[in-house]
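J.: Output the structure for:
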Amino acid sequence: MTEFDPTEHTVDELDDHLENVDDEAVLQTILEAEQAGQDRKTAREAVHRRLEAIGAVDDDREGVEEGTETEGEYEETREDVGDEAEGKEPEEADTEEDTAEADAEDEMDDTGEADVEEDDGLSHPTRDKRHVRALADGHYEDMWVFCETQGGELLEVAKEMLGKARELMDGFAEEHGVSASEASGGSEDRSSSGDEERVVAFLMGDDCEGLAEECIAHGADVAVYHDDPRLERFLHKPYTEIASHMARGEGTVESTDWREYDKPRYVLFPATNNGRDLSAKVQAELDSGLASDCSDLFIQEEEVSNPVKTGEPGVKKTFEKVLHMKRPDFSGFEYSTILCLDNPGREFHPQGASIIPGSFEPIEPDPDREGLVIEHDMHLEDDWFRVEITEYDQLEAGIDLTGHEVIVCLGRGIADDPTEGMELGLDLVDAFADAELGITRGIVTSSYQFEGHVEEYAKEERQIGETGQVVAPELYVAAGVSGAVQHKVGMDESDTIIAINTDTDARIRDFSDYFVEGDLFSVLPQLTDAVESGEVELEAIADGSGDGGDD
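T.: Reported below is the predicted structural model:
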């Protein structure tokens with residue numbers, strides 16, 4: 001074999017070369033050359049993985065630190081979709097007979113006797129598991145938005161996401177123009193047709209063509225829909241299969257000739273119960289990642305030095321057209337920005353996110369707006385509909401706290417007189433033109449006794465927070481609310497937050513615009529009178545930063 005110098009190649013190229021090396025002496029020579037040259041930890045790990053694969057290495061792995069195994073580029077992920085993208089047939093993979101033979105060898109103990117325990121197929125669920133490779137040098141365009149429907153109507157969050165997608169792609173056009181440029185991760189973007197990238201709505205249901213046309217009015221350039229009476233209600237299997245089929249551009253010429261790319265560049269889902277389920281399943285099917293429960297999005301280039309993404313330690317690489325997906329972290333007090341970046345030789349698309357309802361404002365619908373409405377064509381397997389809903393009861397509509405200009409939220413501060421505290425909160429709600437009452441989980445789980453005329457307002461359907469509703473009103477009044485992180489997640493996007501609390505060290509003070517030190521039983525009536533009279537003196541309310549005096 002011709003002498004191979006690993007220092008002249010990237011780790012990814014080294015991996016490719018090692019797959020064809022079965023000679024221990026040759027592998028040791030390559031390892032020694034690497035140690036004498038660049039001495040890259042990731043390169044040494046690649047050689048040792050190959051030595052292990054041919055059974056020529058013991059537990060004492062020279063040059064590889066214990067516990068330093070990394071992820072991403074350095075996993076053994078050489079097969080699958082990369083081959084499929086080049087049109088190779090699946091017979092290149094191991095046959096069932098090969099796999100069975102390998103499993104049988106693995107089950108031999110040190111004496112050479114096979115384990116008599118019957119293999120249930122689950123004993124080694126991750127043996128030889130490899131990632132499915134994404135398309136090599138794939139071609140990606142457009143921002144896709146899953147528009148969830150319910151009762152024959154678009155959910156409000158679908159309109160919100162379409163509005164944000166419209167804003168992002170209009171900015172995308174201004175930034176990147178219509179010329180061909182490098183795609184995310186530095187691979188060549190072959191979208192040189194001169195067309196601007198579009199907002200694509202996709203949806204499915206029973207008799208949903210009209211809803212697809214409504215998506216155009218709310219900002220989409222293209223709306224792709226699949227109509228089938230069996231899709232009236234959300235079902236995991238068919239919805240996942242249809243969405244993935246749409247995204248890959250599969251189907252008849254009539255339903256796919258509007259696009260010339262492999263997969264969407266970006267995709268948005270609603271962070272609803274159904275949207276969360278679908279987003280995870282579809283992104284897994286498309287071999288990409290997902291940032292869940294996001295509240296803000298923007299697109300810009302990003303320079304990174306992570307060797308998993310660049311291919312080499314100490315090398316910086318600029319990724320273009322990166323969707324930055326902001327979400328509240330687990331503390332509720334900080335935000336994390338999630339990026340879906342490619343690995344060398346592996347492209348993660350679509351860059352995907354699920355969006356918290358209420359995070360964005362929908363645009364004003366334009367019924368005269370023009371766009372493409374495409375009926376998607378796909379055969380739906382009967383087996384996907386094994387679960388059939390034969391009978392159901394429709395519950396009364398719950399309380400929707402989103403979309404109001406003002407939210408008055410009550411917390412455990414009403415404990416001294418729960419009924420009166422609830423009444424005072426309702427009085428303030430009535431003083432505003434568009435307001436609603438919310439509560440914290442502390443009230444939901446308490447043993448407070450409410451008189452009948454206000455008891456209905458203490459139900460879980462009004463809860464605001466991580467396990468309740470997420471709201472973003474223009475004004476949020478938190479009375480007797482301590483500010484637990486779970487509650488903060490549900491209201492932190494409010495434009496203006498006023499907190500009323502007797503405890504000046506209450507956590508809610510840290511993220512309020514105004515803080516009133518006082519008992520809600522005396523402050524709320526004053527605030528109600530001020531709103532009704534139109535004479536609200538914010539100067540009397542302390543700044544939440546603690547710099548001003550308390551009222």
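J.: May I ask you to confirm that residue 301 belongs to a strand?
T.: Yes: counting by DSSP: H, G, I helix; E, B strand; the rest coil, residue 301 is part of a strand.
J.: Tell me the gap between stretch 358-365 and the middle of its chain.
T.: Relative to its chain's centre, stretch 358-365 lies at 19 Å (C-alpha atoms, centre = their mean, to the nearest Å).
J.: now stretch 219-236
T.: 20 Å.
J.: Extract the C-alpha set from that stretch and format it as PDB.
T.: This file holds the C-alpha atoms of stretch 219-236, laid out as PDB (Å, rounded to 0.1, in the frame of the first residue of the first chain):
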ATOM      1  CA  GLY A 219     -47.600  36.300   3.900                       C
ATOM      2  CA  ALA A 220     -46.800  33.000   2.200                       C
ATOM      3  CA  ASP A 221     -45.500  32.900  -1.400                       C
ATOM      4  CA  VAL A 222     -46.400  29.200  -1.800                       C
ATOM      5  CA  ALA A 223     -48.900  27.100   0.100                       C
ATOM      6  CA  VAL A 224     -48.700  23.300  -0.300                       C
ATOM      7  CA  TYR A 225     -51.600  21.300   1.100                       C
ATOM      8  CA  HIS A 226     -52.600  17.600   1.300                       C
ATOM      9  CA  ASP A 227     -56.400  17.000   1.400                       C
ATOM     10  CA  ASP A 228     -57.800  13.800   2.800                       C
ATOM     11  CA  PRO A 229     -60.900  13.300   5.000                       C
ATOM     12  CA  ARG A 230     -58.800  11.000   7.200                       C
ATOM     13  CA  LEU A 231     -56.600  13.900   8.100                       C
ATOM     14  CA  GLU A 232     -59.300  15.900   9.800                       C
ATOM     15  CA  ARG A 233     -57.600  15.400  13.200                       C
ATOM     16  CA  PHE A 234     -53.900  15.200  13.900                       C
ATOM     17  CA  LEU A 235     -52.400  11.700  13.600                       C
ATOM     18  CA  HIS A 236     -48.600  11.200  14.100                       C
END
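J.: Now residue 143: closest residue in space, sequence neighbours ignored.
T.: Excluding the flanking residues, the one nearest residue 143 by C-beta to C-beta, 6 or more residues apart in numbering is residue 266, at 4.3 Å. Quick note: C-beta positions are derived from backbone N, CA and C, even for glycine.
J.: correction: residue 166
T.: Closest to residue 166 by C-beta to C-beta, 6+ apart is residue 219, at 3.5 Å.
J.: would you list every one of the strands in the stretch 201-350 of the chain?
T.: 222-227, 263-270, 290-294, 296-304, 317-328, 335-338 (DSSP state E, counting those that start in this stretch).
J.: Do me a favour and average the pLDDT over the longest helix seen in the chain.
T.: Counting by DSSP state H, the longest helix found in the chain is helix 156-176. Taken as a whole, helix 156-176 has a mean pLDDT of 91.
J.: buried set for it?
T.: The neighbour-count check on helix 156-176 (16 or more other C-beta atoms under 10 Å) flags 157-169, 172, 176 as buried.
J.: repeat for stretch 437-446
T.: Result for stretch 437-446 [16+ other C-beta under 10 Å]: buried residues 437-444.
J.: Now do the longest helix of the chain against strand 296-304, angle only.
T.: 40 degrees (axes from the mean of the first three to the mean of the last three C-alpha atoms, to 10 degrees).
J.: helices or strands up against helix 156-176?
T.: Helix 156-176 is packed against strand 140-146, strand 199-205, strand 263-270, strand 296-304, strand 351-355, with contacts defined by 3 or more C-beta pairs under 8 Å, 6 or more residues apart in numbering; DSSP states H and E.
J.: go with 10 Å
T.: Applying 3 or more C-beta pairs under 10 Å, 6 or more residues apart in numbering; DSSP states H and E, we find helix 156-176 packed against strand 140-146, strand 199-205, helix 209-217, strand 263-270, helix 273-285, strand 296-304, strand 317-328, strand 351-355.
J.: Name the strands paired with the first one and say parallel or antiparallel.
T.: Based on DSSP bridges, the strands next to strand 140-146 in the sheet, each with its direction, are strand 199-205 (parallel), strand 263-270 (parallel).
J.: now swap in the last one and tell me
T.: When sheet partners are counted by DSSP bridges, strand 351-355 sits next to strand 263-270 (parallel), strand 290-294 (parallel).
J.: so can I have CSV of these showing mean pLDDT?
T.: Output for the strands paired with strand 351-355, formatted as CSV (pLDDT from 0 to 100):
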stretch, mean pLDDT
strand 263-270, 96
strand 290-294, 92
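J.: Deepest in the core, which of those strands is it.
T.: Comparing the strands paired with strand 351-355 by mean neighbour count (mean count of other C-beta atoms under 10 Å), strand 263-270 ranks first with a mean of 28.
J.: ok, back up a step: of all the strands paired with strand 351-355, which one is nearest residue 282?
T.: strand 263-270 (7.6 Å; C-beta to C-beta).
J.: Okay, angle between the closest one and helix 273-285 too, please.
T.: Using the same axes, to 10 degrees: strand 263-270 against helix 273-285 is 160 degrees.
J.: Can you check what angle separates strand 263-270 from strand 317-328?
T.: Using the same axes, to 10 degrees: strand 263-270 against strand 317-328 is 10 degrees.
J.: roughly how far out does strand 263-270 sit from the chain middle?
T.: 10 Å.
J.: Can I get it in CSV, CA atoms only?
T.: Provided in CSV are the C-alpha atoms of strand 263-270 (Å, rounded to 0.1, in the frame of the first residue of the first chain):
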residue,chain,number,x,y,z
LYS,A,263,-34.9,20.3,1.1
PRO,A,264,-36.0,23.5,2.7
ARG,A,265,-33.3,25.8,4.2
TYR,A,266,-35.4,26.6,7.2
VAL,A,267,-38.6,25.2,8.8
LEU,A,268,-40.9,26.5,11.6
PHE,A,269,-43.4,24.6,13.6
PRO,A,270,-45.8,25.9,16.3
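J.: about what we covered before: in CSV, list the strands paired with strand 140-146 along with distance to residue 362.
T.: Below are those laid out as CSV (distance: least, C-beta to C-beta, whole Å):
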stretch, distance to residue 362
strand 199-205, 13
strand 263-270, 13
